[in-house]
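Asks: Requesting a structural model of the entry that follows:
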Amino acid sequence: MGGGAPHIDDRKVRAVEAIANAAFDGGLEDYLTAKERALLEKPYQTWGQDDFDQGMHWESFGVLQWLLGRQHKIPHYFANFDRASLFQATGVMPANPSTIDAFVNSYMSAQAHHLLDTSRLRHEVAVAEAWNWRARVQVVMDLRDQILEEAAAKAGRKLEQGPPEEEDEARVVDRIMAEKRVPRSLRRMVRDLDQVVRTATGRAIERSLIENSADDDFGITVELKPEEVRAGGQRETVLPYSKLDSKVHDSLRRISEARLFAFAWAVSKLEDWDIEHMAELGSIGPIGSIWAPDDDHGDSP
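Replies: Predicted coordinates:
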């Protein structure tokens, strides 16, 4: 039994080397980022945990394929691209350089024509901006809730019991943020977050940037548990963004960031494919699609 392990390891080593060689020999070397090059040059089993934290690159990859006509649609921003479909759509076999040439040549031949409707591109960019905005606002809302939880804990109360009668939630948050030297402008924004989200949701619906809303918030379609489904009833329901747990919020944020990042790179908003800038990207246009004037929303690219 134990004698099989070295053979398996040796096969994996050769597979990893073949993939690296295909990238370098397949004409991709000049297009690799510094991090991609470093990863390919690392020997088998020497990647660290940070090297594996690239899952949302699939969402960027999906957008790039959509731009190239290899994907017919971009999934909802609460769902991932199907990874098998992404892998199969290019026809690239990681260890076979000729498949890389075939993929590139499919766009270089005189017969190759792929035209992307400009209005459709603008709309998809606007959708990405809207979901990225909502994800960022949730980070601030979570901070607000954390402040309230800490204040309640100090007072020996539970968050759901609310603040003491003499001080409402807004005042608690404002007082604690002032103690932490948070600028007044940011404190004012935090105080008005719920109203801002309500307004943004209405504008996003009007502009077809989101399909559903729930409790004046971005609507997220989720599957019901078997015991929650009534006989002959719907198997899905729509929940407000803010009511999802923190892990789901984190996943939604990563999806929107990765997709917007790919759009920004594709329309030359970013010069380099530097993933470190992903979280810094707020919008592609000077004003995000939700808040842009009525006559130019979605006209960023």
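Asks: now the helices for the protein?
Replies: 4-25, 34-41, 49-52, 57-67, 83-90, 97-108, 118-154, 169-179, 184-191, 193-206, 246-266 (DSSP state H).
Asks: what's the fourth one packed up against?
Replies: The reference is to helix 57-67. If you count contacts as 3 or more CB pairs under 8 Å, 6 or more residues apart in numbering; DSSP states H and E, helix 57-67 packs onto helix 83-90, helix 246-266. Bear in mind the C-beta positions are built from the backbone N, C-alpha and C, glycine included.
Asks: Serialize the helices of the chain to CSV and add fields for mean neighbour count, distance to D272 and mean pLDDT.
Replies: CSV is the format used below for those (neighbours: other CB atoms under 10 Å; distance: least, CB to CB, whole Å; pLDDT from 0 to 100):
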stretch, mean neighbour count, distance to D272, mean pLDDT
helix 4-25, 13, 18, 75
helix 34-41, 13, 10, 84
helix 49-52, 8, 20, 70
helix 57-67, 20, 14, 93
helix 83-90, 14, 22, 90
helix 97-108, 14, 20, 82
helix 118-154, 18, 19, 88
helix 169-179, 16, 36, 75
helix 184-191, 13, 30, 71
helix 193-206, 17, 31, 95
helix 246-266, 21, 8, 93
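Asks: now the ones you listed in a markdown table, with distance to W273?
Replies: Shown next, in a markdown table, are those (distance: least, CB to CB, whole Å):
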| stretch | distance to W273 |
| --- | --- |
| helix 4-25 | 15 |
| helix 34-41 | 9 |
| helix 49-52 | 17 |
| helix 57-67 | 9 |
| helix 83-90 | 17 |
| helix 97-108 | 17 |
| helix 118-154 | 17 |
| helix 169-179 | 36 |
| helix 184-191 | 31 |
| helix 193-206 | 29 |
| helix 246-266 | 6 |
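Asks: Tell me which of those lies nearest to G219.
Replies: Among the helices of the chain, helix 193-206 comes nearest to G219, with 8.5 Å by CB to CB.
Asks: now the angle from the closest one to helix 169-179?
Replies: If you take axes from the mean of the first three to the mean of the last three CA atoms, to 10 degrees, helix 193-206 sits at 110 degrees to helix 169-179.
Asks: Off-centre distance for helix 193-206?
Replies: Counting by CA atoms, centre = their mean, to the nearest Å, helix 193-206 is centred 20 Å from the centre of its parent chain.
Asks: Now it - C-alpha only, CSV.
Replies: Included here for helix 193-206 are C-alpha records, laid out as CSV according to Å, rounded to 0.1, in the frame of the first residue of the first chain:
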residue,chain,number,x,y,z
LEU,A,193,-27.0,54.4,6.4
ASP,A,194,-30.5,52.8,6.5
GLN,A,195,-32.1,55.7,4.7
VAL,A,196,-29.2,55.7,2.2
VAL,A,197,-29.7,52.0,1.4
ARG,A,198,-33.4,52.5,1.0
THR,A,199,-32.9,55.3,-1.5
ALA,A,200,-30.1,53.4,-3.3
THR,A,201,-32.3,50.3,-3.6
GLY,A,202,-35.1,52.3,-5.2
ARG,A,203,-32.8,53.9,-7.7
ALA,A,204,-31.2,50.5,-8.5
ILE,A,205,-34.6,49.0,-9.2
GLU,A,206,-35.6,51.9,-11.4
